[in-house]
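Visitor: predicted model, plus sequence, below.
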Number of protein chains: 2
Amino acid sequence: MGKAPTIRDVAARASVSVATASNVVNGRRPVGEASRQKVLDAIAALGYRVDRSASALRGRATRLIGMAVPDITNVFFASLIHGVEALAERDGYDLLIVSSNEDAGVERRRVEALVARRIDGLIVAPATDDSVPRLATEGLRLPPTVLVDRGAGAPGFDTVSADCEAGAYAAVEHLIELGHRDIAILGHSGHLQNIALRVSGCRRALGESGLEGRERVIYGGRNLDNLRGAIEMELHRADRPTAIFALTNICAFAAIKAARGLNLDIPGDISILGFDDFAWMSALRPYLSTVAQPKEGLVEESWRLLMRRLSPNGAPLEIERVELPCALKVRESTGPARPRLKAVAEA
Amino acid sequence: MGKAPTIRDVAARASVSVATASNVVNGRRPVGEASRQKVLDAIAALGYRVDRSASALRGRATRLIGMAVPDITNVFFASLIHGVEALAERDGYDLLIVSSNEDAGVERRRVEALVARRIDGLIVAPATDDSVPRLATEGLRLPPTVLVDRGAGAPGFDTVSADCEAGAYAAVEHLIELGHRDIAILGHSGHLQNIALRVSGCRRALGESGLEGRERVIYGGRNLDNLRGAIEMELHRADRPTAIFALTNICAFAAIKAARGLNLDIPGDISILGFDDFAWMSALRPYLSTVAQPKEGLVEESWRLLMRRLSPNGAPLEIERVELPCALKVRESTGPARPRLKAVAEA
DNA sequence: TTGAAAGCGCTAACAC
DNA sequence: GTGTTAGCGCTTTCAA
């Protein structure tokens, strides 16, 4: 394959100095028209490409942004990436994406790989609320970093998140208005602040309707089958809930499967309300009622906060925290509470 | 923030040479226990991290693999990434992901950014069949590269793909067995070999049943609304199809929306068969009959082919092309053809 | 406007 | 087992 041409090869072929060649490539300093043309020709002839590893080493900005998400197969995070990518493209940055599989250890390795490549900035939807702050504590030198979705309010970081508490409040309020009194709340676990806030929102809504203590919170872990099993068990009880508020789109998925498996009509026998919205939810039945997160806003604010830190501004910037409202979308998976007529077959 | 410590700082603090420090970090050569401990202490005290930009420059492998996909929000590609990521993790590689938004120009920029960072290898699901070969032609020095999903058989590249022709054949055969004679085939465009092959598969199945020329191929572009509009128009005709074979999951989505909008029962009034499978399809109604692609296989073979090239093997390797079978999954969106009783309201 | 030369942080000969 | 040193390809003073 032969060795890749270097800027020295270009300079030699164009009979100019490497400094001049470098300057036509980067446009840092003016170059005479004659030299410029010779250099351009040499570059074309040789098929020269800048080696960014080397430029980075010499200290310039890389125009590379890293982005880490917990799970790339989750449409929610995929959309976040998609949005950020568009903005990066617009502003002349390249985006390097890594996925941590919801594992703080994997996240650490992946983020370190990014940092070791001298990215200019980093956007992370972290695996846990404190995984990224901890990296910094452990001595990893993070470039300007913004946390999105999770880790809201982490000390020392700009953060962008959805107002989960209010979103959940609106969700449960909707359910209560429909007459539901026994509402199961299905989540993965209570470890994420994000989720804890959603549960608080539920509590507040219940409390304001004189239903304090009536929520039944079920944590089924990350695994879909376990999640489904957990909610199924609840549905088998004589006093089974008349509505399920699923705290993530995976939970909604599990809830629907469980209801279907038990031959429960949605929303006739059981109402299901999700969190997170995406295209398929309005094409496939049941059209899921859901609390939509402000994806666009999360993306735009994350990018704005990051760019703000990257601009060579004099004054040291204060930490900025953004919280964006969710929107309740009522579709067809939620309906009036009805007496529990149907018996559920034993498993 | 202070400057990041270098290996020289480490060496100085440990009172050893940089070579020794480097050797404890990389384990290339044995190091005495005493020195090793001093170096380790110094690293911990200083919070030293290897600067991979610099290592890369010096010529070592980077253990970095690049991966490019056309659309990260498409679950099919997201799954591919997810699979590759797991293998990369297993084998001690880091994965850098870029998404091209189905645009060859964006793809070129993104891939160049990857290459400029000295990745050791590259896996691409290309935006078009010839976009990556063209990059090579244009003089970009690609590391060992394997093409997956698209670009099968591109000269000079290892490729891995699904046997789309056979998959489509099986799909249409299934539809014919159900009595369908008017089958609409919905795709984005005929430009991708992938899609063209699916259409050929349809033709072959039709031909073998004495139905040659009966296929109606509809290309609706990438945009969901256009796609939906295109198939809707077809459904408005008096001789509307009794089945739709949607060539991608987006097309299936559009077809379902169109049928729903026209109040057509699936599969009573119209059967819908998709391509690509994913979890939600077996939870949300209609459970979509579909041609499932061999995702696992695509992932494993891509990785195997790449690793094969990266292992410092003597003999020059021959180009290898892998084609994997699809699997027809019959669920509930396909049913027997019935006379077209229902009139569709004018738009 | 241009050129010469000094490193950026690291690894790999090559000595000892 | 350890140290010295020459670069990797690039940008950027500094001088001309």
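Guide: Sure, I can see it. In this text the structure is predicted, and so the values were computed from the model without any measurement.
Visitor: got the residues of chain A near DNA strand D?
Guide: Counting by Cβ under 7 Å from any atom of the strand, the residues of chain A close to DNA strand D are A:3-4, A:6-8, A:18-19, A:22-23, A:25-26, A:28, A:48-51, A:54-55, A:57-60. Yep, even glycine has a C-beta here, placed from its N, CA and C like the rest.
Visitor: try 10 Å
Guide: Taking Cβ under 10 Å from any atom of the strand as the criterion, the neighbours of DNA strand D within chain A are A:3-11, A:17-29, A:48-61.
Visitor: for residue A:292, see how far away residue A:304 is.
Guide: When Cβ to Cβ, to the nearest Å is applied, the distance between residue A:304 and residue A:292 equals 21 Å.
Visitor: re earlier: tell me which of the residues of chain A next to DNA strand D fall in helices.
Guide: By the criterion of DSSP state H, membership of the residues of chain A next to DNA strand D in helices covers A:7-11, A:18-26, A:52-57.
Visitor: contacting residues for the closest residue to residue A:282 other than its chain neighbours?
Guide: Here the nearest residue to residue A:282 in space, its sequence neighbours aside, is residue A:331; by Cβ to Cβ, 6 or more residues apart in numbering or on different chains that works out to 7.0 Å. Contact partners of residue A:331, counting by Cβ atoms under 8 Å, 6 or more residues apart in numbering or on different chains, are A:281, A:282, A:286, A:287, A:288, A:289, A:290.
Visitor: just give the closest residue to the third one, not the sequence neighbours.
Guide: Nearest non-adjacent residue to residue A:286, counting by Cβ to Cβ, 6+ apart: residue A:333, 4.2 Å away.
Visitor: looking at it, that neighbour is touching residue A:268, isn't it?
Guide: No - if you go by Cβ atoms under 8 Å, residue A:333 and residue A:268 don't touch, sitting 10.6 Å apart.
Visitor: the two: which is more packed in?
Guide: Neighbours per residue, other Cβ atoms under 10 Å in any protein chain shown: of residue A:333 and residue A:268, the larger number sits with residue A:333, 26 against 12.
Visitor: does that one count as helix, strand or coil?
Guide: Classification of residue A:333 by DSSP: H, G, I helix; E, B strand; the rest coil places it in coil.
Visitor: ok, it to residue A:248 distance?
Guide: 15 Å.
Visitor: equivalent analysis for residue A:168, please.
Guide: Distance, residue A:168 to residue A:248, by Cβ to Cβ: 12 Å.
Visitor: filter the ones in helices among the residues of chain A next to DNA strand D down to just the buried residues.
Guide: Under a neighbour-count criterion of 16 or more other Cβ atoms under 10 Å in any protein chain shown, the subset of those counted as buried comprises A:7, A:9-11, A:20-25, A:52-57.
Visitor: from these, which is closest to residue A:144?
Guide: If you rank these by distance to residue A:144 using Cβ to Cβ, residue A:56 comes first, at 16.1 Å.
Visitor: which residues of the stretch 201-347 of chain A fall in strands?
Guide: Ranges of strands in the stretch 201-347 of chain A, per DSSP state E, counting those that start in this stretch, are A:216-219, A:243-246, A:271-275, A:289-292, A:321-324, A:327-329.
Visitor: out of the ones you listed, indicate the one that is most buried.
Guide: strand A:243-246 (a mean of 30; mean count of other Cβ atoms under 10 Å in any protein chain shown).
Visitor: adjacent strands (with direction) for that one?
Guide: Strand A:243-246 has its sheet partners listed here by DSSP bridges as strand A:183-187 (parallel), strand A:271-275 (parallel).
Visitor: what's in contact with that strand?
Guide: Here strand A:243-246 has contacts from A:168, A:171-172, A:175, A:178, A:180, A:182-186, A:202, A:231, A:252-255, A:259, A:270-275, A:334, A:337, using Cβ under 8 Å, 6+ apart.
Visitor: picking that back up, state the distance from the residue nearest to residue A:286 to chain B.
Guide: 10 Å (Cβ to the nearest Cβ, to the nearest Å).
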